[in-house]
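**Student:** any chance you can model this:
(one chain, ligands or ions: 1)
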Amino acid sequence: MAGFDLVMFDLDGTLVETAPEILDAVNDALRRFGLPEVNQQQVDDWIGHGTLELLVKALAQVTGVEAAVVRSSALLGQILPVYNLAYNARCGTRSHLYPQVLETLVALRERGVKLAVVTNKEGRYTQVVLDVHGLTSLFDLVISGDTFPTKKPDPAGVAHALAQFGVAPGRALFVGDSSIDAATARAAQVPVWLLPYGYNMGQNVQSCAPDRVIADISVLLDA
Ligand SMILES: O=C(O)COP(=O)(O)O
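**Tutor:** Coordinates of the predicted model:
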């Protein structure tokens, strides 16, 4: 690829459609605690700040307690291990790679482009998603939401990837699906392309003013 030496990808909504099985895992956990279920639309709109934060939002919704209070509640501590088990059991059951993902990643690697994942998903969930979809060996670097003290839109993960591979921001690209990804890339002065099919909290990706909106990631092969 002439234009980029490093491409950083968001995970949920960019490489893998994960929302259906996240919904299943959340509802598995809620049911175990006798709580009402949430729906797919809610889960789609809560994706972006991490899988743990999504559980916090779900608990806030079904209990009527503010998210800030849920975050430090005993209930969260009790439900979290159940949710982790449920997520592990559900992972791969209703998630799938978006079209062209595998082929494009393989082709980029063959061209010598460095590939990274920069996701807000916590590492333990990131790993199962990458493993179950056969993606782990395709990435030179994986940065999860809990890798550093801050997560996207803080540019620390992107800055780390640039430094690790010695790539200038203008020779890198961030590919994502949300305003969080756009803000992260901008903060690191890296160009950003967005996909329209992911999770952007109900907003059109054009409103994030990306450098490009692309139909699928195979467009990278012509860049
Ligand atoms: O898990 C999330 O909420 C977000 O994950 P993403 O950063 O890969 O979109």
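
**Student:** now check stretch 12-29, is it near the ligand?
**Tutor:** Yes: remark: stretch 12-29 sits within contact range of the ligand at 12-13, by CB under 6 Å from any ligand atom. Every C-beta, even on glycine, is put in place using the N, C-alpha and C of the backbone.

**Student:** tell me the domain boundaries of this structure?
**Tutor:** Domains of the chain are assigned by automatic domain parsing as 6-17+95-222, 19-90.

**Student:** could I get those in a markdown table, plus columns for mean neighbour count?
**Tutor:** Compiled in a markdown table, the domains of the chain are given as follows (neighbours: other CB atoms under 10 Å):
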| stretch | mean neighbour count |
| --- | --- |
| domain 6-17+95-222 | 19 |
| domain 19-90 | 18 |
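
**Student:** in JSON lines: those, plus mean pLDDT.
**Tutor:** Below are the domains of the chain laid out as JSON lines (pLDDT from 0 to 100):
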{"stretch": "domain 6-17+95-222", "mean pLDDT": "97"}
{"stretch": "domain 19-90", "mean pLDDT": "97"}
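
**Student:** can you map out the strands along the chain?
**Tutor:** Ranges of strands within the chain are 6-9, 16-17, 96-97, 114-118, 141-143, 172-176, 192-194, 212-213, based on DSSP state E.

**Student:** counting contacts, what elements does the longest helix along the chain pack onto?
**Tutor:** If you go by DSSP state H, the chain has its longest helix at helix 74-90. Judged by 3 or more CB pairs under 8 Å, 6 or more residues apart in numbering; DSSP states H and E, the packing partners of helix 74-90 are helix 19-32, helix 51-63, helix 123-132.

**Student:** contacts for it, please.
**Tutor:** Here helix 74-90 makes contact (CB atoms under 8 Å, 6 or more residues apart in numbering) with 21-22, 24-26, 28-30, 32-33, 51-52, 55-56, 59, 63, 70, 124-125, 128.
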